Every structure is written in structure tokens, then in C-alpha cells.
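Based on what follows, work out the 3D shape:
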Amino acid sequence: MGLKDEATGKAKEFEGKLTGDKSREAEGRLDQAKGDAKDAAGKVKDAAGNLVDSVRDEDDDRTAAGEPRPKP
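Got it, this is the predicted structure:
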């Protein structure tokens, strides 16, 4: 997800180091951090989806075996 931001950030940071532009270096580090955050958010989203799927599968298995659904 954040791979583009990370790659762009690395390029900007490198450019800033080459030219001595501290602002460009900082901008690159910020872009990299945004990419890392997007990656982390994607992992959380995937984990939540997997958890929901797991609960649904377990519920389907129970009802297929004739067990009643628990009341909320």
C-alpha cells in the first residue's frame, strides 16, 4: 500500500543529502513514515477481515452441525 510513498521518500531523502537540502531530506523521511503508516493500516485491516471471516466460518460450522446460534 505505502510502497510508492516509501520509494518516493527514499528518493527525496537521498536527493536532499546530495544537495545539502535539509528540508528535502525531512520531506523524504516524512513520505517514508506515511508509507510505513499505510502499510501498518493495511495489515490491521487485513487482520480484522481475517478475524471476521474466522468468526463467520465458526458460526457456519456450528449452525451446520445443528447447534443453535448464541443470543446476542
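
Now do the same for Pro68: helix, strand or coil?
coil (DSSP: H, G, I helix; E, B strand; the rest coil).

And the host helix or strand of Ala37, what does it pack against?
Using DSSP states H and E, Ala37 maps to helix 22-64. Secondary-structure packing of helix 22-64 (3 or more C-beta pairs under 8 Å, 6 or more residues apart in numbering; DSSP states H and E): helix 3-19. Placement of C-beta: from N, CA and C, glycine included.

which parts of the helix it packs on are buried?
Neighbour counts over helix 3-19 (16 or more other C-beta atoms under 10 Å) mark Asp5, Glu6, Thr8, Gly9, Lys12, Glu13, Gly16 as buried.

what about the helix holding Ala37, distance to the chain center?
3 Å (C-alpha atoms, centre = their mean, to the nearest Å).

Could you give the average pLDDT over it?
For helix 22-64, mean pLDDT rounds to 89.

OK, contacts around Ala11?
The neighbourhood of Ala11, defined by C-beta atoms under 8 Å, 6 or more residues apart in numbering, consists of Gly28.

Would you quantify the distance from it to Ser23?
15 Å (C-beta to C-beta, to the nearest Å).

Kindly report the same for Lys38.
Remark: distance between Lys38 and Ser23 (C-beta to C-beta) = 23 Å.

Of all residues in the chain, which one is nearest the centre?
Nearest residue to the geometric centre of the chain (C-alpha atoms, centre = their mean): Gly42, 2.3 Å.

mind checking how far that residue is from Gly35?
11 Å.

what's the spacing between the closest residue to Ala7 other than its chain neighbours and Val44?
Closest residue to Ala7 apart from its sequence neighbours, by C-beta to C-beta, 6 or more residues apart in numbering: Gly35 at 7.8 Å. Relative to Val44, Gly35 is positioned 15 Å away (C-beta to C-beta).

Compare those two (neighbour count), which wins?
Taking other C-beta atoms under 10 Å, Gly35 and Val44 do not tie; Gly35 has more neighbours (20 against 10).
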